[in-house]
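>>> structure for this input, please:
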Amino acid sequence: MTKKEAQNRSYKINMLLVKGLIVLNLGYITYQDLRSREVYWFLLPALIFLLGYLHFTNVLRLHFFNAIAINVSLVGLILGILYLYAWLIIKRPFFKEVFGFADGLYFLALAVAFPSVTFVIIFVFSLIFSLLVWLLMKHKSHHEGTPLAGYMAAFLLLIFIANWMSNTINLYLI
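Just a heads-up that it's a prediction; the model follows:
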């Protein structure tokens, strides 16, 4: 085996491990958020690291940092607007009643996970997915509120599994 073949094999094993950890992480976030509306604190930083690593290995370094700057700015803008809406219109405490801290960390994980166009597409469709699932399942829930991070994690899990099991499109080239 040549040195290049060994490096290629090592890279494939490394990516398989990262993808497996992402699947386990997303699955556990989904399970925990649906079950108890709480997520272990270490799962989301680990997800941020894993998704960021996957993104970093699939694009040029400059594109990676540009995408993160744009995506984090979009998330900040969305959270700022949501905060103002909670404060001015519905007059409720933002992180206590309107938006969970885990949801914000999950938004950050998505922001580091993809190039900007892919991020916007996945972000919007995961929110639509979350709304539809919540509308269908809200009468069966024993908890108050929406497990947004859990629903969005389930959506991303489905996207990743479908993408990795088929060679249809590279999520990092959109």
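
>>> any buried residues in the longest helix along the chain, and which?
Looking across the chain with DSSP state H, the single longest helix is helix 3-36. Residues of helix 3-36 classed as buried by neighbour count (16 or more other Cβ atoms under 10 Å): Val18, Leu21, Ile22, Asn25, Leu26, Ile29, Thr30, Gln32, Asp33, Leu34. C-betas here are computed from N, CA, C, even on glycine.

>>> what are the ranges of the strands in this protein?
Along the chain, no segments are classed as strands by DSSP state E.

>>> averaged over its residues, which helix or strand of the protein has the lowest pLDDT?
Within the chain, no helix or strand scores below helix 3-36, which has a mean of 88 by mean pLDDT, DSSP states H and E.

>>> between the buried residues of helix 3-36, which sits nearest Leu110?
Leu26 (11.2 Å; Cβ to Cβ).

>>> from what I can see that closest one touches Ile159, true?
No. Applying Cβ atoms under 8 Å, one finds Leu26 not in contact with Ile159, separated by 9.9 Å.

>>> and Arg160, how far from Gly150?
Just to correct that, residue 160 is Phe rather than Arg. Separation of Phe160 from Gly150 (Cβ to Cβ, to the nearest Å): 16 Å.

>>> helices along this protein, start to end?
Along the chain, the segments classed as helices by DSSP H run 3-36, 43-58, 61-84, 101-113, 116-137, 148-165.

>>> most packed of these?
Comparing the helices of the chain by mean neighbour count (mean count of other Cβ atoms under 10 Å), helix 101-113 comes out on top with a mean of 22.

>>> now that helix, how far from the centre of its chain.
6 Å (Cα atoms, centre = their mean, to the nearest Å).

>>> could I get that helix in CSV with only the CA atoms?
Provided in CSV are the C-alpha atoms of helix 101-113 (Å, rounded to 0.1, in the frame of the first residue of the first chain):
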residue,chain,number,x,y,z
PHE,A,101,-30.8,28.0,25.2
ALA,A,102,-30.4,24.6,23.5
ASP,A,103,-32.3,25.9,20.5
GLY,A,104,-29.8,28.7,20.2
LEU,A,105,-26.8,26.4,20.4
TYR,A,106,-28.5,24.2,17.8
PHE,A,107,-28.9,27.2,15.5
LEU,A,108,-25.2,27.9,16.0
ALA,A,109,-24.4,24.2,15.2
LEU,A,110,-26.3,24.6,11.9
ALA,A,111,-24.5,27.9,11.2
VAL,A,112,-21.0,26.2,11.3
ALA,A,113,-22.2,23.1,9.5
